[in-house]
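1. got a sequence here, can you model it:
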Amino acid sequence: MAGTDTATHRHIRPLTNQNLQLKHLTNVGGPFAIGRIVDLGKVRHIGELPEVEDRHFVEHRLRAVGSMRSDLFWSGLMESAETYLQRIFGSDLHPMGEGRSCAVAAHKGVASLGYLIPTEIQDLRLVRRDDEFGSHDTLRMSVQVNRREFDLPVTDLRFCGMREDGLAWVVYRDLVDSVIHRIRSGVPVVLAVGLTRAFKRRSNEQPMHWLQVNNIHLEDDPLWGLESLARDASASLRDRDVRLS
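-> Modelled structure (predicted):
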């Protein structure tokens, strides 16, 4: 969960003593959704480089106070968006994995959240993943930023529903198709990008914060919502590879 301070326009990542859950989303009675204005009450800065946006709040003081108009939400994105990744994350962001990803070493960088205007979105596709939770789909994006091409995970919850066993997410084809169609049609896009928490991909490597796409915002409907979370997970995406042409 992340947002921006309405007074300072700085990025904020609200954290409490336990993980935020689906119950905190508006479609199940909570305060959080894209475009919602939420009063966190008194917060405490707990961020360390590069996660300078982390703020601790007390949950019983949390309350929703309104919603933004979609045009104002979009104009706010455009005012804050950058066209270069280093302008968001600093010079400590380096290409990794044959240049198809980017990462910042632990305790380096200047930020972990930002808005990016990509040069081009080349594809949006499903990748099958097998892990301790079984076999399930993940969503990835190939994107060009200036002259570099990256292949990044997409963590936008609006594409997803919870699998029946509650252990993994499934991705809904019609929502991916809708976004693909809108991008093909030339609808302007702003990507909310962020860095993961630091982790080691291999035991002999230092922990890194990896670049990911947190949200895909489109000008024609920047507040498209969380309806997917109320769906039957059996309606999940069946085709594994959906590409933009």
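
2. for the spatially most central residue of the chain, what are its contacts?
-> Most central residue of the chain, judged by C-alpha distance to the mean C-alpha position with Cα atoms, centre = their mean, is N214 at 1.0 Å. Residues in contact with N214 (Cβ atoms under 8 Å, 6 or more residues apart in numbering) are 2, 113, 155-156, 191-194. Placement of C-beta: from N, CA and C, glycine included.

3. and of those, the nearest to S178?
-> D156 (12.6 Å; Cβ to Cβ).

4. distance of the closest one from M141?
-> 10 Å (Cβ to Cβ, to the nearest Å).

5. what is in contact with these two at once?
-> Contact with both D156 and M141 is made by residues 213, 216, according to Cβ under 8 Å, 6+ apart.

6. who's in contact with the residue of the chain most remote from its centre?
-> Relative to the centre of the chain, and counting by Cα atoms, centre = their mean, the farthest-placed residue is N204 at 28.4 Å. Residues in contact with N204 (Cβ under 8 Å, 6+ apart): none are found.

7. the helix or strand containing M141: how far from the chain's middle?
-> Applying DSSP states H and E as the criterion places M141 in strand 134-145. Averaging C-alpha positions (Cα atoms, centre = their mean, to the nearest Å) puts strand 134-145 12 Å from its chain's average.

8. from L77, how far out is L175?
-> Taking Cβ to Cβ, one finds L175 at 20 Å from L77.

9. L15 too?
-> 23 Å.

10. phi and psi next, for the residue nearest to K42 when sequence neighbours are not counted.
-> Among residues not flanking K42 along the chain, R61 sits closest, at 6.9 Å (Cβ to Cβ, 6 or more residues apart in numbering). R61 adopts backbone torsions of phi -90, psi 0, taken as degrees, to the nearest 10.

11. repeat that for the one 4 residues further on.
-> With angles defined as degrees, to the nearest 10, V65 shows backbone torsions of phi -120, psi 0.

12. again with the one 5 residues further on
-> Summarising the backbone geometry of S70 under the convention degrees, to the nearest 10, its torsions are phi -60, psi -40.

13. circling back: neighbours around the residue nearest to K42, how many?
-> 11 (other Cβ atoms under 10 Å).

14. ok, the closest residue to S70 other than its chain neighbours - contacts?
-> Distances taken as Cβ to Cβ, 6+ apart place L223 nearest to S70, at 4.8 Å, with adjacent residues excluded. By Cβ under 8 Å, 6+ apart, L223 lies in contact with 34-35, 68, 70, 73.

15. including distance to N19, secondary structure and pLDDT, could those residues go into JSON lines?
-> Below are these laid out as JSON lines (distance: Cβ to Cβ, whole Å; DSSP: H, G, I helix; E, B strand; the rest coil; pLDDT from 0 to 100):
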{"residue": "I34", "distance to N19": "20", "secondary structure": "coil", "pLDDT": "93"}
{"residue": "G35", "distance to N19": "23", "secondary structure": "coil", "pLDDT": "93"}
{"residue": "M68", "distance to N19": "26", "secondary structure": "coil", "pLDDT": "93"}
{"residue": "S70", "distance to N19": "29", "secondary structure": "helix", "pLDDT": "95"}
{"residue": "F73", "distance to N19": "26", "secondary structure": "helix", "pLDDT": "96"}
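
16. can I get the buried part of those as one PyMOL selection?
-> A single PyMOL command selects the buried members of the contacts of L223 (16 or more other Cβ atoms under 10 Å):
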select buried, resi 34+35+68+70
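
17. so which of the contacts of L223 comes closest to R128?
-> Distances from R128 to the contacts of L223, taken by Cβ to Cβ, are shortest for I34, at 27.8 Å.

18. before we move on, the earlier item: for R197, see how far away the residue farthest from the centre of the chain is.
-> Taking Cβ to Cβ, one finds N204 at 20 Å from R197.
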